[in-house]
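Undergrad: This is a predicted model, with the sequence first.
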Amino acid sequence: MVVEKESAPAVIRTERGLSVAGTRITLYNIMDCLKSGWPPGLIQARYDLTDDQLAGALAYIENHGEIVEAEYRLVEKNAEETRKYWEQRNRQRFARIEAKRPKPGREAVHEKLKAWKDRIDPT
């Protein structure tokens with residue numbers, strides 16, 4: 001009689017949510033990459049996942065799409081609320097920092113930095 005060994009789960013639930021077993025990588029991290037159009041190989045390299053870990057995570061996302069998507073939207077919503085909270089809480093500090101004049105001799109560096117910031121976030 002041959003007894004097949006049951007494979008370990010590829011995805012487990014932790015205090016951070018659905019995670020790739022044996023790592024601290026959440027499926028929400030992987031979902032961010034997928035939604036940004038990253039190919040699987042790049043995701044695997046980014047998070048240092050084995051072939052089995054990546055395949056298991058992608059299979060779980062595919063097989064449990066509605067659940068994973070609902071949790072992902074909730075995580076995104078919570079992250080946005082947290083970002084807004086801290087942005088509001090630090091608004092005055094940001095304004096003070098913005099109003100400070102650069103130290104003498106550093107004006108050119110500050111102009112380059114401002115141009116770079118305007119290029120990546122023109123709002």
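TA: Noted; the coordinates are in hand. Please read these numbers as outputs of a predicted model, since none were measured by experiment.
Undergrad: Follow the chain on from the longest helix along the chain and name the next helix or strand.
TA: Ordering each helix of the chain by length in residues (DSSP state H) puts helix 65-89 first. Counting by DSSP states H and E, the next helix or strand C-terminal to helix 65-89 is helix 91-99.
Undergrad: what separates the most centrally placed residue in the chain from Glu107, distance-wise?
TA: Central residue of the chain (C-alpha atoms, centre = their mean): Asn29, 4.6 Å from the mean position. Going from Asn29 to Glu107 by C-beta to C-beta, to the nearest Å gives 40 Å. Where C-beta positions appear, they are placed from N, C-alpha and C, glycine not excepted.
Undergrad: again with Ala95
TA: Distance of Ala95 to Glu107, computed by C-beta to C-beta: 20 Å.
Undergrad: ok, now which ones touch Ala70?
TA: For Ala70, no residue meets the contact criterion (C-beta atoms under 8 Å, 6 or more residues apart in numbering).
Undergrad: Let me know the pLDDT of it.
TA: At Ala70, the pLDDT value in this model is 94.
Undergrad: ditto for the one 10 residues further on
TA: As summarised for this prediction, Glu80 has a pLDDT of 95.
Undergrad: ok, back up a step: and the closest residue to the residue nearest to the centre of the chain other than its chain neighbours, how many neighbours?
TA: Nearest residue to Asn29, sequence neighbours excluded (C-beta to C-beta, 6 or more residues apart in numbering): Tyr47, at 6.7 Å. The number of residues packed around Tyr47, counting by other C-beta atoms under 10 Å, is 18.
Undergrad: again with Asp32
TA: 15.
Undergrad: now it: how far from Tyr72?
TA: On the measure of C-beta to C-beta, Asp32 and Tyr72 end up 9 Å apart.
Undergrad: What of Phe94?
TA: For Phe94, the distance to Tyr72 (C-beta to C-beta) stands at 29 Å.
Undergrad: How about Ile25: what's its closest non-neighbour residue?
TA: Excluding its sequence neighbours, the residue lying closest to Ile25 (C-beta to C-beta, 6+ apart) is Tyr47, at 4.8 Å.
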